[in-house]
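>>> I'd like to go over a predicted model; first the sequence, then the structure.
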Amino acid sequence: MGVKIILDKEKQKKKRRNPAFIILGIIFTVVGIQVINMYSTMSKYKLKIYPQVWVEDISVGGKTKDEAKNAIIENYNNLIAKKNITIKVNDTQYTINVGKLDMKNDYINIIDKAYDIGRKENIFKNYFAITSPVKKIFQLNNTFSYAVVNTVLKAIVLDNTKKAKDAAIIKNDFGKLIITKEAYGYTVNSESLKKDIVNKVNNIEQEENLIIQPELKKIQPKIKETDLKSINTKLSSVTTNFVNSNENRSENIKVASDAINGKVLMPGDTFSFNDIVGERSSENGYKIAKGIIDNKLVDDLGGGVCQVSTTLYNAILRTNMASVERYHHTLAVGYIGKGLDATVAYGLLDYRFKNTYSYPIFIESIVQNKNVTFNVYSNSTLNKKKYDIVNEVVGDKVNVFKVTYINGKLLSKALLYTDNIA
């Protein structure tokens with residue numbers, strides 16, 4: 001019995017000395033040490049951002065959120081305070097101090113994202129995110145106040161904008177038509193320049209070159225000298241008299257006529273009396289005079305202007321260009337025959353016609369000796385035919401005809417329209 005006990009003890013000793021148990025013991029020991037080391041390493045970063053995390057060129061790895069925030073603010077403020085955006089236009093420089101743009105960025109959101117790097121996986125991946133980090137870079141998104149930018153933009157556009165000047169026609173003292181040459185204008189493309197400025201601001205940390213040199217945009221004149229060389233003859237002329245008009249009405253006729261004098265219409269252009277003459281206001285030089293409103297002759301600011309529109313209307317009718325918009329008075333007028341008037345009221349009634357020629361036309365207005373005259377000029381090839389306008393009253397209606405002559409001989413007589421008359 002004693003021998004058996006001794007043998008059992010020997011077997012137990014041999015079992016304890018089994019290599020497999022020894023290896024397992026070592027493994028458990030190593031793993032335990034490693035786990036302890038992992039927890040120890042991760043505990044150091046419990047409140048800190050993992051290594052190799054950057055916000056632009058600022059390393060925030062190993063920093064707490066507050067430390068990272070302070071580092072970004074300090075770096076950002078120091079950087080911004082020293083930078084200016086310079087805009088060069090020709091020989092003039094305009095400067096935008098970046099520090100005055102009230103710049104803000106989303107660093108709080110970025111710091112939260114930086115802090116989350118490596119924390120949402122299992123313990124092993126989190127550990128390796130610390131011990132074998134892969135560099136991660138976040139970019140800040142900047143916002144800023146446009147007030148300073150807009151102020152500088154307005155100054156740039158104001159300083160560097162010149163309107164194009166159309167070629168024009170004037171009549172010299174000898175009655176000859178003289179063409180003045182056109183001039184090109186220029187301006188700054190403010191939208192494009194604003195995008196360039198915003199791009200510089202958004203990349204302010206990386207930008208080395210903070211100079212913008214916008215190109216001036218060339219503005220073409222609508223009417224050029226070559227366009228007007230085809231104007232060489234008078235097509236029509238109509239005069240009406242205002243001998244019985246008082247000083248105010250006479251002044252209104254002159255102001256409106258002067259606004260039209262020298263007007264050039266290119267082929268396809270539409271003339272609008274109200275657009276050219278403008279609002280009949282005291283600021284525009286108009287005075288109180290008699291005018292027709294609601295079938296009554298009353299005092300009206302700009303009274304008498306309808307005589308100008310009517311005279312022009314009759315001159316245009318004799319060029320064979322049709323009206324686009326025209327209205328007759330509700331009462332008969334004394335300065336033109338029935339059915340031949342064209343009333344206007346700013347913002348309500350307009351007189352419009354379209355240049356249907358393949359040549360430009362030039363309108364000349366003359367106010368002299370209580371007469372207002374409109375002369376219409378264009379190319380001499382259009383003078384092969386001449387036109388007259390006649391009216392025929394039939395009861396309470398008036399028929400208006402266009403009479404066409406070619407080489408001085410009657411060619412046709414065509415009804416243009418019929419008006420009701422009072």
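Arrived safely, thanks for sending.
>>> in the stretch 151-300 of the chain, which spans are helices?
In chain order, the stretch 151-300 of the chain shows helices spanning 190-202, 225-228, 247-260, 273-277, with DSSP state H, counting those that start in this stretch as the criterion.
>>> Using PDB, write out every CA atom in the third one.
So the one you mean is helix 247-260. Extracted as PDB, the C-alpha positions of helix 247-260 are listed here (Å, rounded to 0.1, in the frame of the first residue of the first chain):
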ATOM      1  CA  GLU A 247     -43.200 129.800 -71.200                       C
ATOM      2  CA  ASN A 248     -43.700 126.600 -69.200                       C
ATOM      3  CA  ARG A 249     -45.200 124.600 -72.100                       C
ATOM      4  CA  SER A 250     -42.400 125.900 -74.500                       C
ATOM      5  CA  GLU A 251     -39.800 124.800 -72.000                       C
ATOM      6  CA  ASN A 252     -41.300 121.300 -71.700                       C
ATOM      7  CA  ILE A 253     -41.200 120.900 -75.500                       C
ATOM      8  CA  LYS A 254     -37.500 121.900 -75.500                       C
ATOM      9  CA  VAL A 255     -36.500 119.600 -72.700                       C
ATOM     10  CA  ALA A 256     -38.200 116.600 -74.300                       C
ATOM     11  CA  SER A 257     -36.900 117.400 -77.800                       C
ATOM     12  CA  ASP A 258     -33.300 117.800 -76.500                       C
ATOM     13  CA  ALA A 259     -33.500 114.400 -74.900                       C
ATOM     14  CA  ILE A 260     -34.200 112.800 -78.300                       C
END
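>>> so what does that helix touch, helix or strand wise?
Contacts of helix 247-260 with other secondary structure elements, assessed using 3 or more Cβ pairs under 8 Å, 6 or more residues apart in numbering; DSSP states H and E, are made with helix 273-277, strand 288-293, helix 305-317, strand 361-368, strand 371-378. No exception for glycine: its C-beta is placed from N, CA and C like everyone else's.
>>> Tell me which of those is the most buried.
Burial of the helices and strands packed on helix 247-260 is given as mean neighbour count (mean count of other Cβ atoms under 10 Å); helix 305-317 ranks first at a mean of 25.
>>> what does the following helix or strand past that one rub up against?
From helix 305-317 onward toward the C-terminus, using DSSP states H and E, the following helix or strand is strand 323-325. Applying Cβ atoms under 8 Å, 6 or more residues apart in numbering, the external contacts of strand 323-325 come out as 270, 313, 316, 317, 342, 350, 351, 352, 353, 354.
>>> Show the model's pLDDT score for the last one.
Per-residue confidence at residue 354 stands at 97 (pLDDT).
>>> ditto for the fourth one
For residue 317, the pLDDT comes out at 97.
>>> Just name the shakiest helix or strand of the protein by mean pLDDT.
Using mean pLDDT, DSSP states H and E, the weakest-scoring helix or strand in the chain turns out to be helix 2-16, at a mean of 56.
>>> ok, and the closest non-adjacent residue to residue 153?
Taking Cβ to Cβ, 6 or more residues apart in numbering, and ignoring the residues beside it in sequence, residue 153 has residue 190 as its nearest neighbour in space, at 5.4 Å.
>>> close enough to count as contact, the one you found and residue 158?
No - counting by Cβ atoms under 8 Å, residue 190 does not reach residue 158; the two are 10.5 Å apart.
>>> Between those two, point out the one with more neighbours.
Between residue 190 and residue 158, residue 190 has the larger neighbour count (other Cβ atoms under 10 Å), namely 16 against 9.
>>> what residues are up against that one?
With contacts defined as Cβ under 8 Å, 6+ apart, the neighbours of residue 190 are 153, 156, 157.
>>> Name the nearest of these relative to residue 204.
Closest approach between the contacts of residue 190 and residue 204, by Cβ to Cβ: residue 153, at 18.1 Å.
>>> neighbours of that closest one, just the number please.
Other residues lying near residue 153 total 20 when counted by other Cβ under 10 Å.
>>> go on, residue 256?
When neighbours are counted by other Cβ under 10 Å, residue 256 registers 30.
>>> Quick check: it touching residue 310?
No - in this structure residue 256 lies outside contact range of residue 310 using Cβ under 8 Å: 11.2 Å.
>>> Now list whatever residues contact both of these two.
The contact sets of residue 256 and residue 310 do not overlap (Cβ under 8 Å, 6+ apart).
>>> could the contacts of residue 190 be laid out in a markdown table, adding distance to residue 49 and pLDDT?
As requested, the contacts of residue 190 are arranged in a markdown table below (distance: Cβ to Cβ, whole Å; pLDDT from 0 to 100):
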| residue | distance to residue 49 | pLDDT |
| --- | --- | --- |
| 153 | 40 | 89 |
| 156 | 43 | 91 |
| 157 | 46 | 90 |
